[in-house]
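Colleague: got a structure for you, letters missing:
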């Protein structure tokens, strides 16, 4: 049986948040089910890229690379002032087939504007059998330092 756990926060540009998920035995796994972002002040022009990684990042940027197997999800948010003809664009992509059992890391990069970015994440929590736990842990170990 699984359950949903959620996390939320607000981040300035060029910052990184850690979501602590690591357990002693690694037999609890997670998958991202929902990922949403919204700017701090919805009436202003802004562009944000918010990404979720399986390993801590040393560089925070606005580049999106689907070949990076450490990338778990990404959100691109662009909006303009309410009085303009600009529309809000919010593209969210989640690689929902990826299970993990270690901490995850969220990065935020503001491209234009000065607003901070809010995020909301829902993770499905599940029990892992021994083979799933081994695979998830080995993936994490292999990816550390791969940046």
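Modeller: Nice, I can see it. Note that this is a predicted model, so its numbers are computed, not measured.
Colleague: going forward, measure contacts between C-alpha atoms and count neighbours the same way
Modeller: Fine.
Colleague: so residue 125 sits right up against residue 28, yeah?
Modeller: Yes - assessed by Cα atoms under 8 Å, residue 125 is found in contact with residue 28 at 6.8 Å.
Colleague: In terms of helices and strands, where is residue 132?
Modeller: For residue 132, the host element (DSSP states H and E) is helix 130-143.
Colleague: Name the surrounding residues that touch stretch 36-48.
Modeller: When contacts are taken as Cα atoms under 8 Å, 6 or more residues apart in numbering, the neighbours of stretch 36-48 outside the stretch itself are 10, 50, 62, 75-82, 90, 92, 108-121.
Colleague: okay, residue 86: pLDDT?
Modeller: Taken from the predicted model, the pLDDT recorded for residue 86 is 56.
Colleague: quick one, what contacts the residue most central in space within the chain?
Modeller: Within the chain, the residue whose C-alpha comes closest to the C-alpha centroid is residue 52; the distance, by Cα atoms, centre = their mean, is 2.3 Å. The neighbours of residue 52, taking Cα under 8 Å, 6+ apart as the test, are 71, 72, 73, 74, 104, 105, 106, 107.
Colleague: now the strands: where do they sit in the chain?
Modeller: With DSSP state E, the ranges of strands along the chain come out as 3-11, 15-19, 28-39, 46-53, 71-79, 89-94, 104-112, 117-127.
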